[in-house]
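Undergrad: Let's see this in three dimensions:
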Amino acid sequence: MKEPKWWLDTESLQSSDFAMSTAFSALMRKVFIWMALALVITGVTAYGVATTPSLLIAIVTNKALFWGLIIAELALVFAVSGAINRLSLATATLLFVLYSVVNGATLSVIFLAYSMPAIIQTFFITAGTFGVMALVGYTTKTDLTSLGKLLFMALIGLVIATVVNMFVGSTGFDYILSYVGVLIFVGLTAYDTQKIKQMCMQAPDAGEHMQKLALLGALSLYLDFINLFLYLLRIFGNNKD
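TA: Model (predicted):
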């Protein structure tokens, strides 16, 4: 996600504190509402696909379909984040909703590996952890910019290590990577929340441009939540096998 040019421009905020505070509240509310709705859409889609044998079997047995969903997810994320300035708010929102649906279809396979109680329990653990770290990022006076850069580098390392372990197949190493993943996305939740708060505080208004940036913020927090959930599920989930 590209940071807006006015990210650290505090001079433009001194003209109207009332306008700023109004825009701030409206935009922050939209960020978390969009994120929550996306999670609901993903959860409903995942459960719907998992309880429809024909769809679930098609995703699991058809590699072309499965990888097509993965590629579609990546394409949608890049489309929303990379072309946000060229998209209308309605189009960007539609793409975000579509991404939530596609991601839900992909995540339906977790119902084959984990029991329903384990998934539900892990979801609430994730929600609690995410909520605490979002509150930390929202309230802390410490600048988390340096931490965010370190976490991003750690995330790249995690992705590389995960790909390597796909060929090595080490269960112990996979378990370690799960804990590392939890730590990374716990930190990113706080960092992204602080960055979104700063962005909304500096918003000149709650117009369409700022709402599109708020949508990007919702996407960032959505991805933090989903990844945190998946890593926690690998740790706490009771594997059906």
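Undergrad: The helix or strand containing residue 38 - contacts with which helices or strands?
TA: Taking DSSP states H and E as the definition, residue 38 sits inside helix 17-50. Counting contacts by 3 or more C-beta pairs under 8 Å, 6 or more residues apart in numbering; DSSP states H and E, helix 17-50 packs against helix 53-61, helix 89-107, helix 110-113, helix 171-201, helix 208-236. For the C-beta atoms, the positions are set from N, CA and C on the backbone; glycine is no exception.
Undergrad: got the buried residues for the second one?
TA: Of the residues in helix 89-107, those buried by neighbour count under the rule 16 or more other C-beta atoms under 10 Å are 89, 92-93, 95-96, 98-107.
Undergrad: That one packs against which elements?
TA: helix 17-50, helix 53-61, helix 63-82, helix 208-236.
Undergrad: closest one to residue 127 among those helices?
TA: helix 208-236 (8.0 Å; C-beta to C-beta).
Undergrad: per-residue confidence averaged over the closest one?
TA: Here helix 208-236 scores 94 as its mean pLDDT.
Undergrad: Compute the inter-axis angle for the helix or strand that residue 150 is a member of and helix 171-201.
TA: In this structure, residue 150 sits in helix 145-168 according to DSSP H and E. In terms of direction (axes from the mean of the first three to the mean of the last three C-alpha atoms, to 10 degrees), helix 145-168 departs from helix 171-201 by 150 degrees.
Undergrad: for helix 145-168, packing partners?
TA: helix 171-201.
Undergrad: got the buried residues for the helix it packs on?
TA: 177-178, 180-182, 184-200.
Undergrad: quick one: the closest residue to residue 107 other than its chain neighbours and residue 111, what's the gap?
TA: Closest residue to residue 107 in three dimensions, ignoring its sequence neighbours and counting by C-beta to C-beta, 6 or more residues apart in numbering: residue 46, at 4.5 Å. Distance of residue 46 to residue 111, computed by C-beta to C-beta, to the nearest Å: 7 Å.
Undergrad: next one: residue 189
TA: Distance from residue 189 to residue 111, by C-beta to C-beta: 25 Å.
Undergrad: Could you check how far the residue nearest to residue 107 is from residue 24?
TA: Going from residue 46 to residue 24 by C-beta to C-beta gives 33 Å.
Undergrad: between the two, who's got more neighbours?
TA: residue 46 (21 against 17; other C-beta atoms under 10 Å).
Undergrad: Quick check: end-to-end length of stretch 133-153?
TA: 20 Å (C-alpha to C-alpha, to the nearest Å).
Undergrad: For that stretch, buried residues please.
TA: 133-134, 136-137, 144, 148, 151.
Undergrad: List just the one of the helices and strands packed on helix 17-50 that sits closest to residue 69.
TA: Across the helices and strands packed on helix 17-50 (criterion: C-beta to C-beta), the nearest stretch is helix 89-107, sitting at 4.9 Å.
Undergrad: Now find how far off-centre that closest one is within its chain.
TA: Here the centre of helix 89-107 is set off from its chain's centre by 12 Å, with C-alpha atoms, centre = their mean, to the nearest Å.
Undergrad: Can you tell me how far the residue lying closest to residue 114 once chain neighbours are set aside is from residue 47?
TA: The spatial neighbour of residue 114 that comes closest, neighbours along the chain excluded (C-beta to C-beta, 6+ apart), is residue 237 at 4.2 Å. The spacing between residue 237 and residue 47, counted by C-beta to C-beta, is 16 Å.
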